[in-house]
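In: sharing a model that was predicted from the sequence below.
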Amino acid sequence: MKMTEENNDGNSTITMEDVQSLIKKKDTIEEQIKAYYDVLEDQEVGMEGPLVDAEGFPRADVNVYQIRTARHTISCLQNDHKAIMVEIEEALHRLHALEKAKREQDQAESQTESMEQEVTLPSPFARVDAVSQGSPACQAGLRISDEIIAFGSINTGNFQNLQNIASVVQHSEGQYEVTTVITYHKTQMGLTPQRWSGRGLLG
């Protein structure tokens with residue numbers, strides 16, 4: 001039997017469209033209340049005007065049934081209006097909380113990314129001045145101006161001269177070597193020295 005966990009957090013589902021839908025319901029209720037108030041105004045009795053004459057009999061000059069229905073309906077609609085206003089307020093608070101949480105998350109992710117980018121990288125020991133089209137270096141993704149901070153076993157700590165790289169290349173023909181370069185950010189790529197139509201094993 002497969003089971004999935006349900007998410008009962010109301011904050012996760014509230015959207016601006018939900019709030020707008022509640023506001024639309026509120027507007028509809030207000031229109032209905034106004035319509036029934038218009039009925040009472042036409043009868044000139046309002047919500048509190050008497051419906052019986054001086055002798056205690058139903059007034060003959062107004063529609064008593066219509067007035068009572070309008071008054072009752074207005075009372076019900078006013079309760080509905082209070083309830084919908086509470087819903088709107090809660091929805092706005094939840095929406096605001098979601099937006100605040102998202103902003104804080106975005107800021108935290110941005111700060112984390114900035115911190116990762118600010119981590120001190122080893123100094124590069126070589127820079128790519130040329131890459132031949134179709135060469136192993138080109139296929140691996142190396143580009144002109146990329147700076148090398150590691151090539152196979154060669155790194156900033158043990159690099160002496162470019163002959164070190166040449167030596168690794170000669171002994172790694174056909175073997176996958178991990179090369180760490182700095183482009184717009186630190187990245188690693190696989191580079192396999194091998195023979196191709198041009199000169200050398202890298203190009």
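Out: Cool, the structure landed.

In: and the helices in this structure?
Out: Assigned by DSSP state H, the chain shows helices spanning 16-43, 64-118, 136-140, 162-171.

In: out of those, which is the most enclosed?
Out: Most buried of the helices of the chain, by mean neighbour count (mean count of other Cβ atoms under 10 Å): helix 136-140, with a mean of 19. Where C-beta positions appear, they are placed from N, C-alpha and C, glycine not excepted.

In: could you pull up the mean pLDDT of it?
Out: For helix 136-140, mean pLDDT is 79.

In: stretch 58-65 now?
Out: The predicted model gives stretch 58-65 an average pLDDT of 90.

In: contact partners of that stretch?
Out: The list of residues contacting stretch 58-65 from outside it, by Cβ atoms under 8 Å, 6 or more residues apart in numbering, reads Q43, E44, V45, P50, L51, V52, D53.

In: go again with 6 Å.
Out: By Cβ atoms under 6 Å, 6 or more residues apart in numbering, the residues outside stretch 58-65 that reach it are Q43, L51, V52, D53.

In: lowest average confidence, helix or strand, in this structure?
Out: Lowest mean confidence among the helices and strands of the chain (mean pLDDT, DSSP states H and E): strand 177-182, at a mean of 58.

In: which one of the contacts of stretch 58-65 is nearest G152?
Out: Of all the contacts of stretch 58-65, Q43 has the smallest distance to G152: 95.5 Å, by Cβ to Cβ.

In: so for the nearest residue to F159 once chain neighbours are set aside, what's the pLDDT?
Out: Among residues not flanking F159 along the chain, F125 sits closest, at 4.1 Å (Cβ to Cβ, 6 or more residues apart in numbering). Predicted confidence (pLDDT) at F125: the value is 80.

In: burial count for F125?
Out: 21 (other Cβ atoms under 10 Å).

In: on that earlier part again, got CSV for the helices of the chain, with distance to I149 too?
Out: Formatted as CSV, these follow (distance: least, Cβ to Cβ, whole Å):
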stretch, distance to I149
helix 16-43, 47
helix 64-118, 15
helix 136-140, 15
helix 162-171, 13
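
In: buried members of the contacts of stretch 58-65 into PyMOL, please.
Out: Buried subset of those, written as a PyMOL selection, criterion 16 or more other Cβ atoms under 10 Å:
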select buried, resi 43
